[in-house]
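*Asks:* I'd like to go over a predicted model; first the sequence, then the structure.
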Amino acid sequence: MEEHQFDVVIVGAGPIGGRAATLLAGEGLRVLMIEEHNEIGRPFQCAGLVTPSAMNAVGVHETVLEEVDGALIHGPSGTLVPVGTEGTLRTYVVCRKRFDQAVVQQGIEAGAHIWVNTVPTAVEVFPTHCQLQVKRNGTLHQIRTKLLIGADGAHSWTRRTFKMGHPKELMIGFQTEVVGYKGRDRWLEMYSGSEIAPGFFAWVIPSGFGTHRIGIWSTAKHLAGRSIESCYDDLLHHPLWKERFEDVKEVARYCGPVPSGMVKKPVKDRVILLGDAAGMAKPTTGGGIGPGFHQIQSILQPLTKAIQEDNLSQAHLRSITKKSWDAMKKEQDRARALRNLLVSDCTDDALDKHFANFSHPDTLQLINEIGDIEKPVPLGMALLKNVPAFRKLALRAGVKLLLS
């Protein structure tokens, strides 16, 4: 059996694994990415939205399919809340295959190695190293590494193998790629209501060349036995919006989990979790690329030093990650509490009242001044404080935030 030695082995060569490889290899470390599929960027299970800050971190603008200025958000009874300004960029829609490949290519150019068609089969942690066994193109290999990083997605082998806990929420996501949708250029649309997206929302995202991505996410609790596909069908045939969907022709479909809520133990001896494996998707949008990028960037220098000094105990890794990762977890919990208060735990009648308040010109001005897709908590708090109709929710919000 062939044996190999690296400073860092990253399980999963998606955008988070690729970004971690770029940063760590750039510090002079010997890095290996392993990817179970033959091709980077497949399978595709994401809405493909990348915030400007995340895009600026990697600079792969050639992967952009559309620029989005804002969102047209529809209440259960049709009340429209437009968030954004024409001509002012809010987010990018990317080709995820090309985006993932470009980010992983940066890792290779920084000096990292990559093995595709490779799956981990066994692992053992010793005081001096981590011993990983993988199957690459049917052949077993032994890899000795100082640090093992799990960036292997929602069903993370690394997380399960080391019993590192579970994401607080595991949302169910379903998406199709279609042609024929009647939408507005440079704007995405969101639809709400218990019939089509119980507890959450559905989306329609322009994806370039006349195509759109139509998606829905929810949880098993909110679905209460319904299938996510039935919600999708109800969206397409909803009496308020069916004319927009009447000429839609489906060209592809995807389904996958959206893990949100950092796991209990994101680090163990010589092991850390990043991205979806750690439960880093935002509870308000499901986006995980920006949080995953920030997660590794925030600990890069102390982690590099720890690897160089081979000081990778759980206690030391916890001391490195505690400040920044605990802050991220707290922000997640607060965003989830506000989301539940204003959207997820509301009846359609209550949600309609919220949308009526959201659509008031003064409230819209506040949303557009403060609203940030990456930082929803300041906006939520501002709405509760400054919009009279929401003040009766403020006490409930305070309790939820204190407990989160």
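*Replies:* All right, it came through fine.
*Asks:* how confident is the prediction for the closest residue to Ala13 other than its chain neighbours, by pLDDT?
*Replies:* Excluding the flanking residues, the one nearest Ala13 by Cβ to Cβ, 6 or more residues apart in numbering is Glu35, at 3.7 Å. No exception for glycine: its C-beta is placed from N, CA and C like everyone else's. On pLDDT, Glu35 comes in at 97.
*Asks:* count of residues packed around Glu35?
*Replies:* When neighbours are defined as other Cβ atoms under 10 Å, Glu35 has 24 of them.
*Asks:* am I right that it is in contact with Gly12?
*Replies:* Yes. Between Glu35 and Gly12 there is a contact at 6.7 Å, judged by Cβ atoms under 8 Å.
*Asks:* by mean pLDDT, flag the weakest helix or strand of the chain.
*Replies:* In the chain, no helix or strand scores lower on mean pLDDT, DSSP states H and E than helix 394-403, which sits at a mean of 50.
*Asks:* tell me how far the nearest residue to Ala382 once chain neighbours are set aside lies from His354.
*Replies:* Nearest non-adjacent residue to Ala382, counting by Cβ to Cβ, 6+ apart: Ile370, 5.2 Å away. Going from Ile370 to His354 by Cβ to Cβ, to the nearest Å gives 17 Å.
*Asks:* got it, and Ala224?
*Replies:* According to Cβ to Cβ, Ala224 and His354 sit 22 Å apart.
*Asks:* more neighbours: the two, which one.
*Replies:* Remark: of Ala224 and His354, His354 carries more neighbours, 23 against 11, as counted by other Cβ under 10 Å.
*Asks:* report how many residues lie close to Thr176.
*Replies:* Per other Cβ under 10 Å, the neighbour tally for Thr176 reads 20.
*Asks:* for His37, that is, sorry about that
*Replies:* Close neighbours of His37, defined as other Cβ under 10 Å, add up to 14.
*Asks:* swap in the one 3 residues further on?
*Replies:* A count of neighbours around Ile40, defined by other Cβ under 10 Å, yields 22.
*Asks:* over to Phe126?
*Replies:* 10.
*Asks:* residue contacts, the residue most central in space within the chain?
*Replies:* Closest residue to the average C-alpha location of the chain: Gly288 at 1.9 Å, with Cα atoms, centre = their mean. Neighbouring residues of Gly288 by Cβ atoms under 8 Å, 6 or more residues apart in numbering: Ile16, Cys46, Val258, Gly275, Asp276, Met280, Ala281, Lys282.
*Asks:* grab the nearest non-local neighbour of the third one.
*Replies:* I take that to be Val258. With Cβ to Cβ, 6+ apart as the criterion, Val258 has its nearest non-adjacent residue at 4.0 Å, and that residue is Met171.
*Asks:* that neighbour and Gly256 touch, don't they?
*Replies:* No. Proximity of Met171 to Gly256 does not meet the contact threshold set by Cβ under 8 Å, at 9.8 Å.
*Asks:* before we move on, back to that, the residue nearest to Ala382 reaches Leu379, doesn't it?
*Replies:* Yes. Ile370 lies in contact with Leu379 (Cβ under 8 Å); the separation is 4.8 Å.
*Asks:* among those two, which residue is more densely surrounded?
*Replies:* Leu379 (21 against 16).
*Asks:* beyond the longest helix seen in the chain, next helix or strand please.
*Replies:* Longest helix of the chain, by residue count under DSSP state H: helix 314-339. Sequence-wise, the next helix or strand downstream of helix 314-339 (DSSP states H and E) is helix 348-358.
*Asks:* hmm, who's touching that next one?
*Replies:* 73, 75-77, 79, 81, 192-194, 342-343, 346, 363-364, 367, 387, 389-390.
*Asks:* quick revisit: can you list the contacts of Gly288 in TSV and add pLDDT, neighbour count and distance to Ala335?
*Replies:* What follows is the contacts of Gly288, written out as TSV (pLDDT from 0 to 100; neighbours: other Cβ atoms under 10 Å; distance: Cβ to Cβ, whole Å):
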residue	pLDDT	neighbour count	distance to Ala335
Ile16	97	31	20
Cys46	76	26	19
Val258	90	27	14
Gly275	97	30	17
Asp276	96	31	17
Met280	95	30	12
Ala281	92	29	11
Lys282	90	23	7
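*Asks:* of the residues you listed, which belong to strands?
*Replies:* Taking DSSP state E, the ones among the contacts of Gly288 that sit in strands are Val258.
*Asks:* redo the contacts of Gly288 as CSV? Include distance to Thr304.
*Replies:* Below are the contacts of Gly288 laid out as CSV (distance: Cβ to Cβ, whole Å):
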residue, distance to Thr304
Ile16, 17
Cys46, 29
Val258, 31
Gly275, 19
Asp276, 23
Met280, 21
Ala281, 26
Lys282, 27
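*Asks:* from the contacts of Gly288, which is closest to Ser319?
*Replies:* Nearest to Ser319 out of the contacts of Gly288 is Met280 (Cβ to Cβ; 20.0 Å).
*Asks:* the closest residue to that closest one other than its chain neighbours sits in which helix or strand?
*Replies:* Leaving aside its chain neighbours, Met280 sits nearest to Pro291 (4.2 Å; criterion: Cβ to Cβ, 6+ apart). Assigned by DSSP H and E, Pro291 belongs to helix 289-297.
*Asks:* any idea of the angle that helix forms with helix 314-339?
*Replies:* 160 degrees (axes from the mean of the first three to the mean of the last three Cα atoms, to 10 degrees).
*Asks:* having no further points to raise, I will conclude here.
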